[in-house]
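Asks: Fold the following, please.
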Amino acid sequence: MTKRFPSLPALAGALSLLAIAAGLSVTGSSAEEAQLVPPPAVDEAPGAALETAVLAGGCFWGMQGVFQHVEGVTGAVSGYAGGDAATARYETVSGGGTGHAEAVRITYDPHRISYGRILQIYFSVAHDPTQLNRQGPDVGPQYRSAIFPADAEQARVAKAYVEQLDRAGVFDARIATRIEPGHAFYPAEDYHQDYLTLHPTSPYIAINDLPKVEALQRLFPESYRADPVLVSAQTN
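Replies: Residues are numbered from 1 along each chain as shown. The predicted model follows:
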């Protein structure tokens, strides 16, 4: 299923745009509810250089937008993971049969933020990990909740964290997040990059994604950065 603007009444979209124009906070009821989850009991030891994490959880616009506002993150790129290079194109992935998920590759400084902290933000504000093959208005396996670990250590930390959260009954339902090692990441087309920052008045962004950034600031104030790390700024 191709991602479209959410099926909201025209009035709701108009009200969202008016609220943004007036400088008001938009917390649309269709946005996933943020929930602060406990930090992981098991985390990765910091390495000497920058590291990457690849995460999927619904539309990559919102996932990228959240992590671009996280301290210690030096870059976040929207793309595809889980399938082959030949099918890593938006029109093909949107069909739902490629094995790809819309994902984000997060580059971070492990001495400023840990892999476990990134996962805590992922489970708390970036998406709802209990939804199977969907997020909000977007339905299909390309919108699944998935972690694509870079190595065995990341896989170990992710698996332990999912088990920890499930044992504690943090969510009302079991976590649907899949851990899928051994997959390459393919950057998405240019027009998908920095989408949240470039299109803040889009009804889709206003209803589904801006509340996630607001939740990041509210629940993780020490990890929030006001100025996002944009792909366009790194390529110019």
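
Asks: How far away from the center of its chain is stretch 149-159?
Replies: 18 Å (C-alpha atoms, centre = their mean, to the nearest Å).

Asks: can you pull the buried residues of that stretch?
Replies: Pro149, Ala150, Gln154, Ala155, Val157, Ala158 (16 or more other C-beta atoms under 10 Å). Where you see a C-beta, it was placed from the backbone N, CA and C, and this is true even at glycine.

Asks: Looking at these, which one is closest to Tyr195?
Replies: Using C-beta to C-beta, Ala150 is the member of these that sits closest to Tyr195, with 24.4 Å.

Asks: Make sure that closest one is indeed in a helix.
Replies: No. Per DSSP: H, G, I helix; E, B strand; the rest coil, Ala150 lies outside any helix segment and is coil.

Asks: what about the nearest residue to Tyr122 once chain neighbours are set aside, neighbour count?
Replies: Closest residue to Tyr122 apart from its sequence neighbours, by C-beta to C-beta, 6 or more residues apart in numbering: Leu55 at 5.4 Å. Other residues near Leu55 come to 29 when the count uses other C-beta atoms under 10 Å.

Asks: can you pull up the bridge partners for Leu55?
Replies: Val104, Ile147 (DSSP bridges).

Asks: Next one: the residue most central in space within the chain from Ala126, what distance?
Replies: Geometric centre of the chain, nearest residue: Met63, 2.4 Å, by C-alpha atoms, centre = their mean. Distance, Met63 to Ala126, by C-beta to C-beta, to the nearest Å: 5 Å.

Asks: residues bridging contact with the two, i.e. touching both?
Replies: Both Met63 and Ala126 are contacted by Leu55, Gly57, under the criterion C-beta atoms under 8 Å, 6 or more residues apart in numbering.

Asks: now the helices for this structure?
Replies: 10-21, 60-67, 90-93, 115-121, 152-168, 195-198, 203-204, 210-219, 231-235 (DSSP state H).

Asks: about what we covered before: now tabulate the buried residues of stretch 149-159 in TSV and tack on pLDDT.
Replies: Listed next are the buried residues of stretch 149-159 as TSV, based on pLDDT from 0 to 100:
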residue	pLDDT
Pro149	98
Ala150	97
Gln154	97
Ala155	98
Val157	98
Ala158	98
